[in-house]
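Colleague: Provided below for reference: sequence and predicted model.
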There are 2 protein chains.
Amino acid sequence: MTRPTPFNVRRVASIGGGPIGAGWTAHFLARGYDVTAYLHDLAEEPVFRGIVDTAWISLEALGLADGASRTRLAVTTDLTELARDADFVQESAPENLAVKQALYERLGQLVPGDVIIASSTSGLTMTEIQARCSTPGRTVVGHPFNPPYLLPLVEITGGARTDPGAIAWARDFYQIAGKAPLVLKKEIPGFIATRLQEALWREALHMVANGEATPQDIDTALINGPGPRLALMGQCMAFHVACGAGGMATNLDQFGPALKLAWTRLKAPELTQELRDRMVDGCNEMAAGRHFEAMAADRDRGIVAILKAIREAAQPAS
Amino acid sequence: MTRPTPFNVRRVASIGGGPIGAGWTAHFLARGYDVTAYLHDLAEEPVFRGIVDTAWISLEALGLADGASRTRLAVTTDLTELARDADFVQESAPENLAVKQALYERLGQLVPGDVIIASSTSGLTMTEIQARCSTPGRTVVGHPFNPPYLLPLVEITGGARTDPGAIAWARDFYQIAGKAPLVLKKEIPGFIATRLQEALWREALHMVANGEATPQDIDTALINGPGPRLALMGQCMAFHVACGAGGMATNLDQFGPALKLAWTRLKAPELTQELRDRMVDGCNEMAAGRHFEAMAADRDRGIVAILKAIREAAQPAS
């Protein structure tokens, strides 16, 4: 057994010199890990270090872990060296299936025993990526959101040949490493967050294509409308809290018919009793017995703090 | 001419005792206006005043205009009295077409001359609402985002018989009154922000219906993924800045093929040269010559401020 417990990870191997690989490197350094970064070519190193240095400004502002330091970063172009001491591998190679398959074939042999290998892929599935890997059981998707050193989300999913224990390990490790892990119930294209963002994005493109809105209109609407609330409260709880004591049940009963209207080009699903119950039960679990007025007050306090923070961040630095 | 200039509005008439009407009342009071609020029944007054008082906590925290006071609120159940001294009318009556049509028939006669009447409707069009109004030229939609005392967005659109000057007046007035007005190019169902939100919401319902995600998963993904960024930067500029010096052009050229993938149930529009140009030109205009590294640094500074604000707002009050 060469896989450490999630608490005992000391050295993270980060593959890739682009914004995602460099962003992950900065994140793990800031959380106090040793990091070995693999670059395809040392010519990439100045840009790579530039991204880490830029990220560091924000990471310091948010607070570093004890002992965190950029001096604990080693850079290599040797995959064998990278793999040797890795307690965990975060792979952020180019988003190209042939490249990833060849890489996982090598990593499957080079990375010791059953050390977890996680891919930052946003568009490929682990079932595809692990196709030529001789040790696919320890390979998972660990998909961050850009910029990966600031946004906490990591979506986790396995491929057809992934060991369920690998998924549980990755979830625990990301949690310990300061991220917000989300294990997917199914391996779906676009995962959850990108899929939601993509639905919004496609509707935006339709509006621009039809002359109904400009890109400026889209951004103005988002920043001044749903944006500040969405930093604080997901769309389910936003509707739950907005509907008073009746919560999500009131929302669905009252606005259910509106789902048939042509608000967006995306057809809504049939609002079955089962879907209704899942939505209502989920929101009630999240509310955990808190009264809607208390939740609305928390929401307002949060939005006020966010609006003030945005206002202050927009001031020129003194 | 009874319509004041947008700068000379003194008394706002706010119709409706629900969360939207009461929220608007609180907003206009906080910005230093006299407000007359129309309630259908005085029995609604305690709940109405409760919403105003709750909103006031947040409005004080954000900063009141000089002279702003809740003592400048008058409540009435008499539409004639409401209309008499109104310099501007914000209507937030129940979302029912027959109710609104009857109301606009009366308001069209009672509200002096060409004073602007704006509807908070989220789901009806002004063309429908103004159908029985004898003075439709001064009726517009002024659609807020919930909670209306905190989120700045107001989407403005006219109906078929609205005078273009009324739309321009409403835009200027909302701007002066501390809002972020957005004039729609066309009268489309759901306007812009709700339409974008609805696309995301429908995709979320599909995922829950298919057992791909729970409501908790949806909210976790939004809060920890796109949320904090969307408070600061719309989706167009988020992609523009994330793609380095190539900006939106790189995004569309690189990810254009992915628009054909089944990421969400919403079919993407054809990525024509014209759509590509509109997106790229719009983003370049918003960037206004700023280098992407400067925009990314601003984004990061803003996200850090937001994450810290959320963290602090979550602490129990001392």
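Modeller: Okay, I see it.

Colleague: other SSEs contacting the helix or strand hosting residue A:194?
Modeller: Using DSSP states H and E, residue A:194 sits in helix A:193-209. Where contact means 3 or more C-beta pairs under 8 Å, 6 or more residues apart in numbering or on different chains; DSSP states H and E, helix A:193-209 is packed against helix A:215-224, helix B:193-209, helix B:215-224, helix B:226-230, helix B:235-242, helix B:273-287. (Each C-beta comes from the backbone N, C-alpha and C, glycine too.)

Colleague: deepest of these, which one?
Modeller: For these, average neighbour numbers computed from mean count of other C-beta atoms under 10 Å in any protein chain shown are highest in helix B:226-230, which has a mean of 27.

Colleague: now that one: mean pLDDT?
Modeller: Helix B:226-230 shows a mean pLDDT of 89.

Colleague: what does stretch A:92-100 give?
Modeller: 94.

Colleague: mind checking the end-to-end distance for it?
Modeller: Start to finish, the residues bounding stretch A:92-100 are 9 Å apart (C-alpha to C-alpha, to the nearest Å).

Colleague: repeat that for stretch A:33-42.
Modeller: Start-to-end span of stretch A:33-42 (C-alpha to C-alpha) is 22 Å.

Colleague: now it: buried residues?
Modeller: Along stretch A:33-42, the positions that meet the burial threshold by neighbour count (16 or more other C-beta atoms under 10 Å in any protein chain shown) are A:33, A:34, A:35, A:36, A:37, A:38, A:39.

Colleague: if I look at the second one, how far off is chain B?
Modeller: Read that as residue A:34. Residue A:34 is 24 Å from chain B, where distance means C-beta to the nearest C-beta, to the nearest Å.

Colleague: hey, what's that residue bridged with?
Modeller: With DSSP bridges as the criterion, the beta-bridge partners of residue A:34 are residue A:11.

Colleague: please look at it and residue A:14 and confirm they touch.
Modeller: No - using C-beta atoms under 8 Å, residue A:34 is not in contact with residue A:14, being 10.8 Å away.

Colleague: list the contacts for the residue in the stretch 1-150 of chain A that chain B sits nearest to?
Modeller: With C-beta to the nearest C-beta, the shortest gap between the stretch 1-150 of chain A and chain B falls at residue A:145, namely 4.2 Å. In this structure, residue A:145 makes contact with A:151, A:153, A:193, B:224, B:225, B:226, judged by C-beta atoms under 8 Å, 6 or more residues apart in numbering or on different chains.

Colleague: circling back to that earlier point, how far does the helix holding residue A:194 sit from the chain's center?
Modeller: Here helix A:193-209 shows a centroid-to-chain-centroid distance of 18 Å under the convention C-alpha atoms, centre = their mean, to the nearest Å.

Colleague: any weak-confidence spans in the stretch 1-150 of chain A?
Modeller: A:1 (pLDDT under 70).

Colleague: what about stretch A:309-318, near chain B?
Modeller: Yes - with C-beta under 8 Å from any C-beta of the partner chain as the threshold, stretch A:309-318 lies in contact with chain B, specifically through A:309, A:310, A:312, A:313, A:314.

Colleague: flag the least confident of the residues you listed.
Modeller: Where pLDDT dips furthest among the residues of stretch A:309-318 next to chain B: residue A:314, at 79.

Colleague: count of neighbours near that residue?
Modeller: 12 (other C-beta atoms under 10 Å in any protein chain shown).

Colleague: reformat the buried residues of stretch A:33-42 as TSV; add distance to residue B:257.
Modeller: Shown next, in TSV, are these (distance: C-beta to C-beta, whole Å):
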residue	distance to residue B:257
A:33	36
A:34	38
A:35	33
A:36	34
A:37	29
A:38	28
A:39	27
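
Colleague: quick check: end-to-end length of stretch A:124-143?
Modeller: Where stretch A:124-143 starts and where it finishes are 10 Å apart, if you go by C-alpha to C-alpha.

Colleague: do it and chain B meet?
Modeller: No - using C-beta under 8 Å from any C-beta, stretch A:124-143 never reaches chain B; the gap is at least 9.7 Å.
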